[in-house]
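Chemist: Predicted structure and sequence below. I'll ask about it afterward.
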Amino acid sequence: MTLLNKPLAHEAVEDSNTSNNIEFQTIINRRMHRRHILKGGTGLTAAAFFGALPLVGCSDDDDDSPSRLPSDDDQAAIPAQGNLKRPDTLKFTAVAHSTADTMSVAEGYQAEMILPLGTPLMSGIADWKDNREQSAESFEWRMGDNHDGMWFFGKKGNNYDAKASKNGLLVMNHEYVNSSELSPFGYHVISDNNAAPIYQNRRLASDVRREVNCHGVAVVEMTRRADGVSYEMVKDSKYNRRITSSTPAQLTGPVAGSDLVKTKFDPTGFQTRGINNNCGAGLSPWGTYLTTEENFLGVFARGQDAEQLSGGHNYGRERYGASENFPGWEYLWHTPYAKDEIIADEFARWDMTATGADATEDYRNGFNTFGYITEIDPFDRHSAPQKRTALGRFAHENCAYAPVESGKPVVFYMGDDARGEYIYKFVSKARWSNADIGGGLKAGDKYLNEGTLYVAVFHEDGRGEWRPLVHGQNGLDATNAEMPFAGQDEVLVFARAAADALGATKMDRPEWVSVSPMTGEVYVTLTNNKYRGEREDQPLSAANPRSYEARGKSRGNDNGHIIRWAEAGGDHAATRFEWDIYLFAAPSELAAENLSQLNKNNDLSSPDGLYFDPRGVLWIQTDDGAYTDTSSCMLLAALPGQVNDGATITTSAGQQTRVGMTASDDNIKRFFVGPEGCEVTGITMTPDFKTLFINIQHPGNTWGAVAGGSTPRSATVMITREDGDVILAESFT
């Protein structure tokens, strides 16, 4: 995500694709006739789809579409079954634009801040104070910083129950720590001009440790209050825990044990320390949490070492933004002074410079152990995070799976959030069985360690294809001139370079992915790209068709769009698809760029977070810097149609493409606006639809500060209806 208060060097990671992939410049043809989306047409109701989002807590192993209605103890809290079908129109009153330092939500709803940065998860840890007194070690048991992707895991007894709402585990990411102007910890930097370039600015060990512990994931047990809709934390729960950038994690899949991930810490290449820069999140069909590692580049530094690297590994590093003499961003985690060897090793692991005789004597490969989809079982507090390397290494934004069907592969979709990067999908080798529901990390071993990773090519005529990242195919071998691939481990570790070689389509920062429960179509937010149409390596394409000047900005795609596709024959394992652009984001005042005809009730900029709830309502979140003089970042509710429900158009830049049906107050509307300076991100809903959780990152002013304090804090927002009914009840009646 573009984080408004991240160090400016964050820009570097979004600009590392200078490859010259083939762009398909043919004139767009009239689309093929409207196709059936799934074998059964579009008549899937939300009730029929509940078993696929997720399929946990179901008792009949032979039922491919088991009910996901709430448990018996929740039945009184849900609408009648006939009302579970997606509404035809949105009937709530849209929230107005706002730049206030408070949050606003639709009339009839209430929004409460919970679990802000620094909240203790256990007794014996002091409450947050508006200063630096909180020790680094205490953050192993506090909420971390910049809350992001999350999921609510219903709990009954000691087990996961996808139908339960009274009690559950709220699992969420902590993506990064705020930069110096907002950091509650400060960035005390010591200058040393006599040191090597990447060590000329050094930081205190205690500050670095504190920040390391502020990254990662939090697992928090929540229980319903007496009002029957809101929640509070169960302090001292045995499930409460933090997984940080120091927590040991296992490498699994084709890269595990590879020479590319062997380090001084683990010369065997099966383990690393930490998960980092965890952005969006996903859920597995068997009921585990899938966290993502996005902007991991920022915590690493690299000195001068190109001559020590073999093959195309230097190019492989640079393809991820890690050029020689790269000091990292402002984290500087590699820099603390230390005389003790053990302490020095604690920080040296963030320096990827090759200094030893081989990789087992330094941390040149530490960088290669980050950038993966990582699986966590929130109900097994003793389990280690599993980095699933078969799904590729890049700046993962989130991970969404397609509806599962017995006897067919499990399919996951992912985006690489950087300018000009790609969209991927993973198709498991194993075939789905409902017997694996509740199987924890063992099920993950079965479905996530073997399979085929694909990258997307969007053709100009509205069709597309998936190309496999498989060693020995399509030039992914040792004969590749720019990046010789010695094996599948290299293809996956350097997935970006492999996708370059396959001619993947450069996209405008692919972020969150979500799959419609109504049509099975896949949606991806393309947040923005200031270089689109302005640089030779970022040319216009039908899938990324806008480049314009607006609101004082230089040419490019400042406002972003949402693309979608339907897989051939409704088969998510297919290698062909048909696509269009569901929605062009734009301020409503920009007539030439407002191609979806948004108005003041639903205009937006830089779509980012994306979530289909089980009823088929699409929730869209923004992470914006181009429209914030008019409105802070927001959450919108939408009712999309399907691919090819709009028209062929020509953008102001002269590029033809296809846009979905026109927006209106009936099918998209602003539901929530966050406080000034924030990003609205992370979203999950309880199984009874009565509580919606979202996250607020890097708020401005004093939002989230303790009473009398001045430091703003990231936090979770809990949204409920004032009358205790389900979210959007007014649209389902």
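Modeler: Noted; the coordinates are in hand.
Chemist: going forward, measure contacts and count neighbours with C-alpha atoms only.
Modeler: Will do.
Chemist: Okay, and the residue most central in space within the chain sits in which element?
Modeler: Taking Cα atoms, centre = their mean, the centroid of the chain lies closest to residue 280, which sits 2.3 Å from it. Taking DSSP states H and E as the criterion, residue 280 maps to strand 278-283.
Chemist: Pairing partners for that strand, with directions?
Modeler: strand 289-293 (antiparallel) (DSSP bridges).
Chemist: Counting neighbours, which bits of the helix or strand just after the partner strand end up buried?
Modeler: For strand 289-293, the succeeding helix or strand toward the C-terminus, using DSSP H and E, is helix 313-318. Using 16 or more other Cα atoms under 10 Å as the test for burial, helix 313-318 gives 313, 314, 315, 316, 317.
Chemist: Return the distance of the residue nearest to the centre of the chain relative to residue 713.
Modeler: Residue 280 sits 19 Å away from residue 713, going by Cα to Cα, to the nearest Å.
Chemist: With residue 277 instead?
Modeler: Separation of residue 277 from residue 713 (Cα to Cα): 18 Å.
Chemist: So between these two, which is more surrounded?
Modeler: Each of residue 277 and residue 713 has its neighbours counted (other Cα atoms under 10 Å); residue 277 has more, 31 against 28.
Chemist: Ignoring the adjacent residues along the chain, who's closest to that one?
Modeler: What sits nearest to residue 277 in space, not counting adjacent residues and going by Cα to Cα, 6 or more residues apart in numbering, is residue 175, at 4.4 Å.
Chemist: Could you double-check that the one you found lies in contact with residue 147?
Modeler: Yes: at 6.5 Å, residue 175 counts as touching residue 147 under the criterion of Cα atoms under 8 Å.
Chemist: Near the residue nearest to residue 328 when sequence neighbours are not counted, how many other residues are there?
Modeler: Leaving aside its chain neighbours, residue 328 sits nearest to residue 301 (4.6 Å; criterion: Cα to Cα, 6+ apart). By other Cα under 10 Å, 29 other residues sit near residue 301.
Chemist: Show me the beta-bridge partners of residue 301.
Modeler: Counting by DSSP bridges, residue 301 is bridged to residue 351.
Chemist: returning to that earlier point: residues contacting the residue nearest to the centre of the chain?
Modeler: Residue 280 makes contact with 148-150, 173, 291-292, 396-399, 512, 609, 682, according to Cα atoms under 8 Å, 6 or more residues apart in numbering.
Chemist: Return the residues in contact with residue 595.
Modeler: Counting by Cα under 8 Å, 6+ apart, residue 595 makes contact with 584, 651, 659.
Chemist: quick one: stretch 210-217 to chain centroid distance?
Modeler: Relative to its chain's centre, stretch 210-217 lies at 18 Å (Cα atoms, centre = their mean, to the nearest Å).
Chemist: Give me the residues contacting stretch 491-501.
Modeler: 19-21, 255, 260, 316, 319-320, 368, 389-394, 421-422, 455, 469-471, 475-476, 483, 485.
Chemist: let me redo that: stretch 236-251
Modeler: By Cα under 8 Å, 6+ apart, stretch 236-251 touches 121-123, 140-143, 169, 212-221, 269-276, 369, 378-379, 381, 384-389.
Chemist: Mind checking which of these are in helices?
Modeler: Residues of the contacts of stretch 236-251 located in helices (DSSP state H): 212, 213, 214.
Chemist: ok, the second one - how many residues close by?
Modeler: It refers to residue 213. When neighbours are counted by other Cα under 10 Å, residue 213 registers 29.
Chemist: what are the ranges of the strands in the stretch 501-650 of the chain?
Modeler: Here the stretch 501-650 of the chain has its strands, by DSSP state E, counting those that start in this stretch, at 507-508, 510-515, 522-526, 561-567, 576-584, 607-612, 618-622, 634-638, 647-650.
Chemist: re the thing from before, looking at the contacts of residue 595, state which has the most neighbours.
Modeler: residue 584 (26 neighbours).
Chemist: Could you pull up the residues touching residue 613?
Modeler: Listed by Cα under 8 Å, 6+ apart, the contact partners of residue 613 are 619, 685.
Chemist: Kindly provide the distance from it to residue 644.
Modeler: For residue 613, the distance to residue 644 - Cα to Cα - is 22 Å.
Chemist: now swap in residue 474 and tell me
Modeler: Distance, residue 474 to residue 644, by Cα to Cα: 31 Å.
Chemist: Same question for residue 238.
Modeler: To residue 644, residue 238 is 50 Å away according to Cα to Cα.
Chemist: which SS state does residue 128 fall under?
Modeler: Residue 128 falls in the coil class when you classify it by DSSP: H, G, I helix; E, B strand; the rest coil.
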